[in-house]
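Undergrad: need a structure here:
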Amino acid sequence: MKALKYYLSAILLVTAFWSCTDTADFGTADFVTTAVPPTNVKALFNVTQDNTGLVTITPNGEGAVSYEISFGDNTDSVKIKQGEITSHTYAEGTYEVKIVAIGITGLKAEVTKPIEISFKSPENLTATIENDKAISKQVNVTVTADYGLTYDVYFGEPGNDTPVSGNIGETVSYVYQNAGTYTIKVVAKSAAIATTEYSEDFEVTAILQPINSAATPMARIDTDVISIFSDAYTNVAGTDYFPDWGQGGQGSSWAMFDLNGDSMLQYINLSYQGIQFGSPVNATNMETLHLDVWTANVTGIDIYPIDGNGAAEKFVHKDLVADQWNSIDIPLTDFTDQGLPLDNVIQFKFVASNWAAGTAFMDNIYFYKQPSSVMTLMIEDFEGTPPTFTEFGNIAPIQVVANPDLTGNTTNKVAQLTKTAGSETWAGAFFEVSSPLDFNSYSKISMQVWSPKAGAVVKMKLENSDSSVTTEVDQVTSVANGWETLTYDFSAAPIADYVRIVAFFDFGNAGDDVVYYYDEIQLINDGGSSSGTQIDLPVDFESSTVDYTLTDFGDNSSSVIVDPTNASNMVAKVTKLITATTWAGTTIGTDTGFASNIPITLTNSKMSVKVWSPDTGTPIRLKIEDANDNTHTCETEVNTSVTGGWETLVFDFNNEASGTASLSNGLSNGWVYNKASIFFNFGTDGATAGEKTYYFDDVIFIAN
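TA: All right, here's what the predicted structure looks like:
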């Protein structure tokens, strides 16, 4: 059914989404700050339909704290804070509206968009409606129309009558709860009273198979891995991936699924499924079982290694997140602590939580342990043609010179960096490599450093080709007037093609004519695990001996970085992506949780977290649970009260979030809590809110 008609409306609402241009360059402090300029800058235009030309402008941007708005009609610009609005009266015509978004450290992003004040209704409306190729049940709509400024889309899902607005010529998206056929209505608007409407019955489809491969496992030597199924390693020969122990008679089946040359196991209508090893496996020298699972409709899975000597079956349960790869690592002690021997493992058994009701894809099933030897790959040793260096912050040009000290480093040539007197605290230099750094097979970078003093901060920063993705790690020299090896752990770095290596010596201090040397920059593979002891409360991200791994779910992306507002402080950065679910969150640590139980009681029931949010009124949820039983949980929620600034939120678990288990019930049943996860803007998905970045620090249990 298709229809075209006109109707009247009272107010025109224009939502403009633009790309951002970073105005910083290599010659300013903005280039090297850990902050990034505001992103996802947009503005809401409300044009009254009374022929007055009155336009209300509400700007917004990820990481912005204020804005400067130029109206494009030779009138004075205005400055407003995040969350404020401004109004301006235009004569009929077309104007270039410029919005400069300013971040917390002064970095800026500028957007410009023509806006037409016209009183003709839209004509020649065309709507393109498509299922998204990557996101299940997401529909994308793009609209064009002569004289049109904006459009509203009513997606027709029962219970949701709120339209999604967008600019003419741009795309808006919506994720449905269920696949099916829906009537989608598009209303195109101009500054005129009359609007143009188009509607179509459209079939929304679900994606029922992966469209991307699981992450490639890191390279490991043969003695550090026993692979059952993976293209990355040598698998146990003769293994049967569908021995059919009777599950075929229940409607379950299997296939070898090929995704662009990448083979994976497809278990259809999974009830229980087995893998029969070609020969028994002795996994007693291994430490962890890994597997990757993708599913659209299996809610959870029980994982059983089967003992060939008839020991009682034991399993570990893992909940599964739909429509993404679930990367699962299970410490083998989770099995041996239940009494399961691992010296003669002959099979795997997998049991679906929702019996025979969904399909699971599996890849990269293997046992592994920490490396018995370290694998390295040289990036730059300065022995051949030197790279092209770019300096910033007023330091002297980088030179490749003869090694001045052969004790501790016997190479012939090294890079010399002189931090010139008066150079900036953030002065440094970078060079680029010809191909992206291989963080599939390696997770760390080491660098030989010669410093005349101990205690100097040596920062390493990695960037992709356009600097849109960056990550950095600090190390501190411990040797004066001698060579030492500094190792930088990038295992938590955002996924990107990093080609730029930036080095900062004595970061945070102005130049004093001190000379530093560096050499032997190489990738390191130590098995993929972060070094350090298990995380525990309080968490401040400051220790060099603690494993601060963060575990994301629901399409969050997090990392530990230098505080954008305080270069001497480390914080966690969490980005809730445009594809994030309403419940996207970040576990503070790995799935194994904290080293010790949280000593929570009904009278000592509070925790505090220092947070930075771009918006006030943002709901922040904190969840504690038993790392060994994810049905034992308690959740509470607090709203932010500061826009674009730090504040300390106190979470009282006696005030549990609606619909969640109470603390009193958990404690009365003997539950323990040793794991915590934080959820920013809980209840709102990324498509609705837009991509936003948050920071947190100082996770503390408050004892009376």
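
Undergrad: parallel or antiparallel, which strands does the helix or strand that contains Leu523 pair with?
TA: In this assignment (DSSP states H and E), Leu523 forms part of strand 514-525. Here strand 514-525 has these sheet partners by DSSP bridges: strand 375-380 (antiparallel), strand 413-419 (antiparallel), strand 444-451 (antiparallel).

Undergrad: show me where the stretch 351-500 of the chain has its strands.
TA: 360-368, 375-380, 390-392, 399-402, 413-419, 428-432, 444-451, 457-463, 470-476, 482-489, 500-505 (DSSP state E, counting those that start in this stretch).

Undergrad: which stretch among the ones you listed comes nearest Asn260?
TA: Nearest of the strands of the stretch 351-500 of the chain to Asn260, taken as C-beta to C-beta: strand 360-368 at 13.1 Å. Where you see a C-beta, it was placed from the backbone N, CA and C, and this is true even at glycine.

Undergrad: strand partners (parallel or antiparallel) of that closest one?
TA: strand 225-229 (antiparallel), strand 262-268 (antiparallel), strand 288-295 (antiparallel).

Undergrad: kindly present the strands paired with strand 514-525 as TSV, with separate columns for mean neighbour count, mean pLDDT and distance to Ile117.
TA: Shown next, in TSV, are these (neighbours: other C-beta atoms under 10 Å; pLDDT from 0 to 100; distance: least, C-beta to C-beta, whole Å):
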stretch	mean neighbour count	mean pLDDT	distance to Ile117
strand 375-380	16	88	56
strand 413-419	22	96	55
strand 444-451	22	94	54
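
Undergrad: wait, which of the strands paired with strand 360-368 is closest to Thr336?
TA: Among the strands paired with strand 360-368, if distance is taken as C-beta to C-beta, the winner is strand 288-295, at 11.4 Å.

Undergrad: just to revisit the earlier point, give me the mean pLDDT for the strand holding Leu523.
TA: Regarding strand 514-525, the rounded mean pLDDT is 94.

Undergrad: before we move on, back to that, make JSON lines out of the strands paired with strand 514-525 and add distance to Pro436.
TA: Output for the strands paired with strand 514-525, formatted as JSON lines (distance: least, C-beta to C-beta, whole Å):
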{"stretch": "strand 375-380", "distance to Pro436": "11"}
{"stretch": "strand 413-419", "distance to Pro436": "21"}
{"stretch": "strand 444-451", "distance to Pro436": "13"}
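
Undergrad: between those strands, which one is nearest to Tyr154?
TA: Across the strands paired with strand 514-525, closest to Tyr154 is strand 444-451 (C-beta to C-beta), at 50.9 Å.

Undergrad: buried residues, stretch 200-214. List them.
TA: Judged by neighbour count using 16 or more other C-beta atoms under 10 Å, the buried positions of stretch 200-214 are 200, 202, 204, 206-207, 210, 213-214.

Undergrad: so which of those are in strands?
TA: Among the buried residues of stretch 200-214, the members falling in strands (DSSP state E) are 200, 202, 204.

Undergrad: the strands of the stretch 351-500 of the chain: which one's closest to Ser596?
TA: strand 482-489 (23.6 Å).

Undergrad: which elements pack onto that closest one?
TA: Secondary-structure packing of strand 482-489 (3 or more C-beta pairs under 8 Å, 6 or more residues apart in numbering; DSSP states H and E): strand 444-451, strand 470-476.

Undergrad: chain center to the longest one: distance?
TA: How far strand 444-451 lies from its chain's middle: 28 Å, per C-alpha atoms, centre = their mean, to the nearest Å.

Undergrad: again, but for stretch 613-625
TA: 17 Å.

Undergrad: got the end-to-end distance for it?
TA: Distance between the boundary residues of stretch 613-625 (C-alpha to C-alpha, to the nearest Å) amounts to 25 Å.

Undergrad: just for the chain, where's the confidence low?
TA: 1-36, 134, 373, 526-532, 544-545, 704 (pLDDT under 70).

Undergrad: closest to Thr183 out of the strands paired with strand 514-525?
TA: strand 444-451 (53.9 Å).

Undergrad: name the surrounding residues that touch that closest one.
TA: Strand 444-451 is contacted by residues 376, 379, 404-405, 409, 411, 414, 437, 458, 460, 477, 479-491, 501, 503, 505-506, 516-526 when judged by C-beta atoms under 8 Å, 6 or more residues apart in numbering.
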